[in-house]
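Asks: Mind looking at a prediction? Sequence and model below.
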Amino acid sequence: MTMSLETLEEGLLTADTENVVQFVNPMGATLLGLDRKRILGQPLAAVYRLVCDFPQPGHNGISGRVEGMLTRGDGVSLPVEQTLTP
């Protein structure tokens with residue numbers, strides 16, 4: 001299964017219950033503008049900042065899909081859609 005996640009043409013990033021990044025595929029690293037080794041083990045908030053106009057799902061066990069702007073560490077902003085699940 002890991003091999004298929006590695007080859008997705010969409011960015012994929014997973015974090016554990018403490019919001020520490022556990023996995024990022026190559027496209028996810030490209031979208032974040034960071035090397036995968038710099039992402040893994042980092043707090044989610046340190047590598048992923050999404051700005052949207054309404055409350056995000058994923059808090060308090062809420063699932064859903066949100067569109068917003070991903071702001072990378074280098075200041076570049078990209079439109080993204082994220083899916084969150086508890």
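Replies: Okay, I see it. Quick caveat, the model's predicted, so the values are computed rather than measured.

Asks: Find the residue at the geometric middle of the protein.
Replies: Centroid-nearest residue in the chain, with CA atoms, centre = their mean: Leu13, separated by 4.5 Å.

Asks: beta partners for that one?
Replies: For Leu13, the residues forming beta bridges with it (DSSP bridges) are Val24.

Asks: Next, the contact list for it, please.
Replies: 21, 23-25, 28, 32, 39, 44, 47-48 (CB atoms under 8 Å, 6 or more residues apart in numbering). Every residue, glycine included, has its C-beta placed from N, CA and C.

Asks: and of these, the nearest to Leu8?
Replies: Asn25 (5.5 Å; CB to CB).

Asks: neighbours around the spatially closest residue to that closest one that is not a sequence neighbour, how many?
Replies: With CB to CB, 6 or more residues apart in numbering as the measure, Leu12 is the residue that lies nearest to Asn25, at 4.5 Å, once sequence neighbours are left out. One way to gauge burial is a neighbour count; for Leu12, by other CB atoms under 10 Å, it gives 15.

Asks: Repeat that for Pro26.
Replies: The number of residues packed around Pro26, counting by other CB under 10 Å, is 14.

Asks: again, but for the one 10 residues further on
Replies: By the other CB under 10 Å criterion, the neighbourhood of Arg36 contains 15 residues.

Asks: name the element the residue nearest to it when sequence neighbours are not counted belongs to?
Replies: For Arg36, ignoring the flanking residues on the chain, the nearest one in space by CB to CB, 6+ apart is Ala29 at 4.5 Å. Element membership of Ala29 [criterion: DSSP states H and E] is helix 26-32.

Asks: ok, then the element right after that helix?
Replies: Scanning onward from helix 26-32 (DSSP H and E), the first element met is helix 36-39.

Asks: Which neighbouring elements make contact with that next one?
Replies: When contacts are defined as 3 or more CB pairs under 8 Å, 6 or more residues apart in numbering; DSSP states H and E, helix 36-39 sits against strand 21-24, helix 26-32.

Asks: how distant is the helix or strand just after it from the center of its chain?
Replies: Helices and strands here follow DSSP H and E; after helix 36-39, the next one along the chain is helix 44-47. Here the centre of helix 44-47 is set off from its chain's centre by 9 Å, with CA atoms, centre = their mean, to the nearest Å.
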